[in-house]
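Asker: Here is a sequence together with a model predicted from it:
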Amino acid sequence: MEIKVLGTGCPKCKALEKATREVVAESGIEANITKVEDIMDIMSYGVSSTPALVVDGKVVLKGRMPSNSELKELLTK
């Protein structure tokens, strides 16, 4: 699984990256997590509000911070 956390470095973006790494570790998900901070790269996904989460090339969340249970659901379905 390829996970990208899109965000320019704001506190919510950092929190989403941290929560994503925690959920992946707790769930035993095999994933490569990268942080994308370049605004042009972020815009290439059609995202105008961050933080956003991209799983295997598909934007699954944008513009808000999910709960850990919602994040786990997004990553395990």
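Answerer: Perfect, thanks for sending it.

Asker: which parts of the host helix or strand of Cys13 are buried?
Answerer: If you go by DSSP states H and E, Cys13 is part of helix 11-27. Going by neighbour count (16 or more other CB atoms under 10 Å), the buried part of helix 11-27 is 13, 16-17, 19-20, 23-24. The C-beta positions use only the backbone N, C-alpha and C, and glycine is treated the same way.

Asker: ok, now which ones touch the residue nearest the centre of the chain?
Answerer: By CA atoms, centre = their mean, the chain has its centre lying nearest to Leu53, at 2.9 Å. The contact partners of Leu53, taken as CB atoms under 8 Å, 6 or more residues apart in numbering, are 3-6, 16, 20, 59-62, 66, 71, 74.

Asker: My reading is that it is in a strand; is that accurate?
Answerer: Yes - assessed by DSSP: H, G, I helix; E, B strand; the rest coil, Leu53 belongs to a strand.

Asker: Tell me the confidence at it?
Answerer: Residue-level confidence at Leu53 comes out at 97, pLDDT.

Asker: Dig out what the residue lying closest to Ile33 once chain neighbours are set aside forms beta bridges with.
Answerer: Leaving aside its sequence neighbours, Ile33 sits nearest to Ile3 (CB to CB, 6 or more residues apart in numbering; 4.7 Å). Applying DSSP bridges to Ile3 gives these bridge partners: Ile33, Val55.

Asker: how close does Lys12 sit to Asn68?
Answerer: Using CB to CB, to the nearest Å, Lys12 is found at 14 Å from Asn68.

Asker: Can you get me the centre-to-centre distance for stretch 13-30 and its chain?
Answerer: Relative to its parent chain, stretch 13-30 has a centroid offset of 9 Å by CA atoms, centre = their mean, to the nearest Å.

Asker: so where's the protein uncertain?
Answerer: For the chain, no stretch is flagged by pLDDT under 70.
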